[in-house]
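# Compute the structure for the input listed below.
(chains A and B)
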Amino acid sequence: MSVEDLRSEAKRDEALAALSGAVPYNQLIGVRFDRLGDELTARLPFQNTLVGNPFLPAIHGGVTGAFLEITAITQLAWDRAWAILERGGDDAEAVLRGQFPPIPKTIDITIDYLRSGRPRDTFARARVQKAGRRVAHVHVEAWQDARDRPIANLRGNFLMPPSVAAATG
Amino acid sequence: MSDDADLRAINVLDGDEAGPGELMSGLPHSREIGMRLHRSVDGRALLSVPYDRRLIGDPETGVLHGGVITALLDTACGSAVMSHPIPLKAVATLDLRIDYMRPASVEQTVFARAECYRLTRSIAFARAVAFHDEPDDPIASAAGAFMIERREDKP
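Numbers count the residues shown, from 1 in each chain, chains lettered A, B, ... in the order given. Next comes the predicted model:
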């Protein structure tokens, strides 16, 4: 595979879709990711199976929490995959074939619910506050129609598995 | 926790853990992930989610997604709050903190036991633990604050 292939936007989008799509639960609730450079935006298209309270109706708080957690984990996993792609070589080709480093594990999360999730699409972006060798600290914000009116946010610590690079040398 | 409270908490489990409970069909997402309510009474609740391949978070290991545990613990806390002796009209999660102690075991049902330990005029405080067999060997624990609307409150 040529360097041009490794750096191609289409290949990277494919790799990102594979990373997120490999997780059955992501598919169940329908999370997708859009990418501009290394910045990801998670998207949760509304569907009736996401509703917690059918009388309002409002998206289940657990779904919103899960969506924020997925956004954090995927951002961390993608940052690792991105670094491997930038380095090139066999590891980069493996990532483009859909072989990713192990998924980060949640240690703890705190979710604040600011507004009820309405029956419409939800978006989220994660900011990695610290990417330590063993632990990463991440903030995530979710919104619907207005970016400056977040519906929920998450702070979390995640255990980073040993990277491919570290494991292979 | 006092001895008395401890005894009551254990009683919530007695005879119910093995019981099938009821699918929470009134809550679309809870129904979607197969969540069952075994019991909710007097500010305490026992819920579960059976293992289901659609709920996997790590395809390498087959372990359930943390989001499933989050949904279970959130709903368990909400159910405990709603079952408080003081009648409530509505409950909404304000915040929820979850600690993951270990991954859930593959092919095993996850239970959640929750307790509403304090109710003020407009806020309820609840905690919950997720486990397979023993609450003392937890998968995760949660603590949260919930906004409540009392039944006698003016709308």
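# longest single strand anywhere in chain B?
Ranked by residue count, the top strand of chain B under DSSP state E comes out as strand B:88-100.
# Which other helices and strands does that one contact?
Helices and strands touching strand B:88-100, as assessed by 3 or more C-beta pairs under 8 Å, 6 or more residues apart in numbering or on different chains; DSSP states H and E, comprise helix A:61-87, strand A:105-113, helix B:66-82, strand B:140-150. Just so you know, the C-beta spots here come from the backbone N, C-alpha and C atoms, and that holds for glycine as well.
# Run the chain-centre distance for the third one.
It refers to helix B:66-82. Computed by C-alpha atoms, centre = their mean, to the nearest Å, the chain-centroid distance of helix B:66-82 equals 4 Å.
# sec struct for residue A:19, please.
Secondary structure, DSSP: H, G, I helix; E, B strand; the rest coil: residue A:19 is helix.
# So which residues make contact with the longest strand of chain B?
A:61, A:65, A:105-113, A:116, B:66, B:69-70, B:73-74, B:77-78, B:81-82, B:123-124, B:139-151, B:153 (C-beta atoms under 8 Å, 6 or more residues apart in numbering or on different chains).
# next helix or strand past it?
Later in the chain than strand B:88-100, the nearest helix or strand by DSSP states H and E is strand B:110-119.
# Is there proximity between the helix or strand harbouring residue A:15 and chain B?
Per DSSP H and E: residue A:15 is located in helix A:9-21. No: on the criterion C-beta under 8 Å from any C-beta of the partner chain, helix A:9-21 is out of touch with chain B, staying 10.0 Å away.
# Quick one: buried ones out of the contacts of strand B:88-100?
Among the contacts of strand B:88-100, those classed as buried by 16 or more other C-beta atoms under 10 Å in any protein chain shown are A:61, A:65, A:105-107, A:109-113, A:116, B:66, B:69-70, B:73-74, B:77-78, B:81-82, B:124, B:139-146, B:148.
# Below-threshold pLDDT in the chain: ranges please.
In the absence of a named chain, this looks at chain A. Applying pLDDT under 70 to chain A picks out residues A:1-6, A:163-169.
# think we crossed wires, I meant chain B
Using pLDDT under 70, the flagged stretches of chain B are B:1-19, B:153-155.
# Chain B contacts on chain A?
Residues of chain A lying near chain B (C-beta under 8 Å from any C-beta): A:22-29, A:48-54, A:59-63, A:65-67, A:69-70, A:73, A:102-103, A:105-113, A:116.
# ok, then the element right after the helix holding residue A:15?
Immediately after helix A:9-21, counting by DSSP H and E, sits helix A:24-29.
# Quick check, central residue of chain B?
Nearest to the mean C-alpha position of chain B, counting by C-alpha atoms, centre = their mean, stands residue B:76 at 2.0 Å.
# Serialize the helices and strands packed on strand B:88-100 to JSON lines and add fields for distance to residue A:41.
Converted to JSON lines, the helices and strands packed on strand B:88-100 look like this (distance: least, C-beta to C-beta, whole Å):
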{"stretch": "helix A:61-87", "distance to residue A:41": "9"}
{"stretch": "strand A:105-113", "distance to residue A:41": "19"}
{"stretch": "helix B:66-82", "distance to residue A:41": "18"}
{"stretch": "strand B:140-150", "distance to residue A:41": "27"}
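# contacting residues for the residue nearest to the centre of chain B?
By C-beta under 8 Å, 6+ apart, residue B:76 lies in contact with B:45-47, B:112-114, B:128, B:142.
# make it 10 Å
A:62, B:35, B:37, B:40, B:44-48, B:111-115, B:126-130, B:142 (C-beta atoms under 10 Å, 6 or more residues apart in numbering or on different chains).
# go on, residue B:50?
By C-beta under 10 Å, 6+ apart, residue B:50 lies in contact with B:20, B:33-36, B:107-110.
# out of these, which touch chain A?
Applying C-beta under 10 Å from any C-beta of the partner chain to the contacts of residue B:50, one finds that B:33, B:35 fall near chain A.
# want to throw the contacts of residue B:50 into CSV with neighbour count?
Formatted as CSV, the contacts of residue B:50 follow (neighbours: other C-beta atoms under 10 Å in any protein chain shown):
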residue, neighbour count
B:20, 10
B:33, 28
B:34, 17
B:35, 27
B:36, 19
B:107, 9
B:108, 13
B:109, 16
B:110, 23
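# any idea which of the contacts of residue B:50 is the one closest to chain A?
Nearest to chain A among these is residue B:33, at 7.7 Å by C-beta to the nearest C-beta.
# On the strand side of things, show who residue B:95 bridges to.
residue A:112, residue B:145 (DSSP bridges).
# count of residues packed around residue B:79?
Residue neighbour count, defined by other C-beta atoms under 10 Å in any protein chain shown, stands at 27 for residue B:79.
# Kindly provide the distance from it to residue B:91.
Noted for residue B:79: a distance of 9 Å to residue B:91, by C-beta to C-beta, to the nearest Å.
# Quick check: neighbours shared by those two?
Joint contacts of residue B:79 and residue B:91 (C-beta under 10 Å, 6+ apart) are B:116, B:126.
# can you give me the offset of stretch B:124-144 from its chain's centre?
With C-alpha atoms, centre = their mean, you get 8 Å for stretch B:124-144.
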